[in-house]
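> Please find the sequence and the predicted model below.
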Amino acid sequence: MRQSLLLLIVIILVSACSDKDKFIVSGHIEGGKNKTLYLERIETNQTTTVLDSVKLKNGEFKFRNDRLSEPTFLKLKLSDKNFVTILADSTETVIVNAEAQNLEATYLVQNSEPSAYILILNRRVRKLNDALNKLAAQYKATSTDDIETRKALEAEYEQKINEHKAFVGEFILDHPRSFAGYYALFQTFDDQNTIMNVFDEKDQVYFAALATSLNLYFPDSERAKQLYNYVLGAKTKQQREKFANELIASQASQSGYVDIEAPNLKGDTIKLSSLEGKTIIVNFWASWDKKSVAANRHLKKMYNKYRKNGLEVYSVSLDKSKVLWESAIVNEGYEWVDVSDLRYTDSYPARLYNIKQIPANYIISSKGEIIGKDLFGNRLTDKLNEIF
């Protein structure tokens with residue numbers, strides 16, 4: 001009996017010593033019997049490295065890995081679409097319990113405050129996306145003639161996004177040393193566009209605040225360096241664009257149009273110059289602007305009438321919601337090129353053409369010369385009749 005007790009004590013002590021310089025992730029996956037669970041490290045380029053794996057016998061699991069030198073993002077994964085993200089540090093023991101059918105929607109975490117923050121952020125974003133999808137469906141189902149209802153839905157849509165951004169900003173200011181703030185900055189809508197935009201001046205404040213703080217407290221961290229350089233690069237790009245704008249505008253007035261490029265709904269970058277040799281209407285609009293939508297309806301008639309004669313439309317949207325932008329294109333039946341950098345009134349193409357209000361347009365001849373500006377309704381009809 002004494003020998004057995006002594007052996008048990010020795011085993012416990014050895015086990016404790018072996019765990020001293022380890023971080024541990026353990027827990028239970030309900031309904032996970034005989035499934036393989038992976039523990040992966042998320043790298044700064046968003047790829048993952050498998051650290052360990054285990055076949056679940058009764059749903060229980062325990063991973064032991066070497067001490068973490070800095071807060072590290074990890075994945076507990078059953079498949080590429082069924083995983084949870086945790087944020088572990090040093091030698092802490094993180095306990096995760098979840099249901100195998102949907103890890104992300106059911107998991108609970110203990111013993112790790114940073115991982116608890118990640119859980120809260122994920123739940124909030126899922127709730128946000130559900131609300132936005134419902135509003136987008138209502139918007140799509142609402143007649144284009146019901147302008148007031150559409151405006152109210154747009155306002156509610158923007159309000160929910162702004163409320164979430166305010167929450168993220170407050171979270172970052174309250175937890176300036178937490179990499180959970182980094183995670184919050186790069187969370188996405190369902191369409192995979194990031195909610196926070198480093199090129200938006202209001203959002204950039206939080207990017208810069210966290211980048212400065214993490215760089216100060218974690219000077220050797222690759223992730224902290226990455227964020228700092230990301231923010232610095234965005235600011236540098238904005239400064240270059242600002243200095244270039246006046247020069248480009250001057251060149252445009254002297255020698256014809258300035259080429260622009262931006263992504264379409266599919267994410268393909270389309271250049272204005274790809275339409276060269278045709279008569280092009282460069283059209284600036286936004287789904288949230290009723291004057292733009294009204295002007296586009298007349299433009300659509302002109303496009304249908306003269307496209308066989310060589311008329312092309314290069315439409316630039318000043319939207320910031322891809323969902324609303326896409327909904328407007330589908331509902332209105334635009335068949336021309338439609339692009340947007342989703343930077344709202346900070347749209348780079350709009351700044352290149354010195355757009356102060358929308359709707360706005362430029363008409364470019366088949367020779368590449370600007371031959372008309374801000375022509376709508378009958379004036380646009382007369383100009384196109386004259387050309388064709």
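Structure received. Numbers count the residues shown, from 1 in each chain.

> Tell me which stretches of the stretch 51-200 of the chain form helices.
103-106, 113-141, 147-174, 179-185 (DSSP state H, counting those that start in this stretch).

> so for stretch 91-106, what's the average pLDDT?
Taken as a whole, stretch 91-106 carries a mean pLDDT of 94.

> contacting residues around it?
With contacts defined as C-beta atoms under 8 Å, 6 or more residues apart in numbering, stretch 91-106 is touched by 19-32, 35, 59, 67-68, 76-78, 82-84, 86, 88, 107-112, 115, 122, 126. No exception for glycine: its C-beta is placed from N, CA and C like everyone else's.

> which of these count as buried?
23-27, 29, 32, 59, 68, 76-78, 82-84, 86, 88, 107, 109, 112, 115, 122 (16 or more other C-beta atoms under 10 Å).

> and of the helices of the stretch 51-200 of the chain, who's closest to S327?
Minimum separation from S327 across the helices of the stretch 51-200 of the chain (C-beta to C-beta) falls at helix 113-141, 5.0 Å.

> now the angle between helix 147-174 and that closest one, please.
For helix 113-141 against helix 147-174, the angle by axes from the mean of the first three to the mean of the last three C-alpha atoms, to 10 degrees is 170 degrees.

> average pLDDT across helix 113-141?
On average, helix 113-141 scores 93.

> Show me what counts as buried in it.
Here helix 113-141 shows 114-119, 121-122, 124-125, 128-129, 132, 135-136, 139 as buried, counting by 16+ other C-beta under 10 Å.

> next one: stretch 308-328
By neighbour count with 16+ other C-beta under 10 Å, stretch 308-328 contains the buried residues 311-328.

> same deal with stretch 33-43?
L37, Y38, L39, E40, R41, I42.

> Take those and write them to a markdown table, including secondary structure.
Output for the buried residues of stretch 33-43, formatted as a markdown table (DSSP: H, G, I helix; E, B strand; the rest coil):
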| residue | secondary structure |
| --- | --- |
| L37 | strand |
| Y38 | strand |
| L39 | strand |
| E40 | strand |
| R41 | strand |
| I42 | strand |
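
> Need these in TSV (columns: distance to K266 and pLDDT).
Shown next, in TSV, are the buried residues of stretch 33-43 (distance: C-beta to C-beta, whole Å; pLDDT from 0 to 100):
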residue	distance to K266	pLDDT
L37	36	96
Y38	32	97
L39	35	96
E40	30	96
R41	32	95
I42	27	95
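
> picking that back up, nearest to Y230, out of the helices of the stretch 51-200 of the chain?
Among the helices of the stretch 51-200 of the chain, the nearest to Y230 by C-beta to C-beta is helix 179-185 (9.4 Å).

> any idea how far the closest one is from the chain center?
Using C-alpha atoms, centre = their mean, to the nearest Å, the distance from the centre of helix 179-185 to the centre of the chain it belongs to is 13 Å.

> quick one: low-confidence ranges for the protein?
1-20, 243-256 (pLDDT under 70).

> give me that answer again for 50
8, 10-17, 253-255 (pLDDT under 50).

> Could you break it into its assigned domains?
What automatic domain parsing lists as the domains of the chain is 16-109, 118-237, 257-387.

> For the longest one, what is the distance to the chain centroid?
Domain 257-387 sits 24 Å away from the centroid of its parent chain (C-alpha atoms, centre = their mean).

> Would you mind measuring the gap between the ends of that domain?
In domain 257-387, first residue to last residue: 18 Å (C-alpha to C-alpha, to the nearest Å).

> ok, now stretch 352-370?
14 Å.

> And the contacts of that stretch?
Contacts of stretch 352-370 (C-beta under 8 Å, 6+ apart): 245, 248-249, 252, 256-258, 260, 276-286, 289, 291-292, 295-296, 299, 310, 318, 347, 371-376, 380, 383, 387.

> ok, and for that stretch, which residues are buried?
L352, Y353, I355, I358, P359, A360, N361, Y362, I363, I364, I370.

> A211: which of those residues is nearest?
Using C-beta to C-beta, the buried residues of stretch 352-370 come closest to A211 at L352, 28.1 Å.
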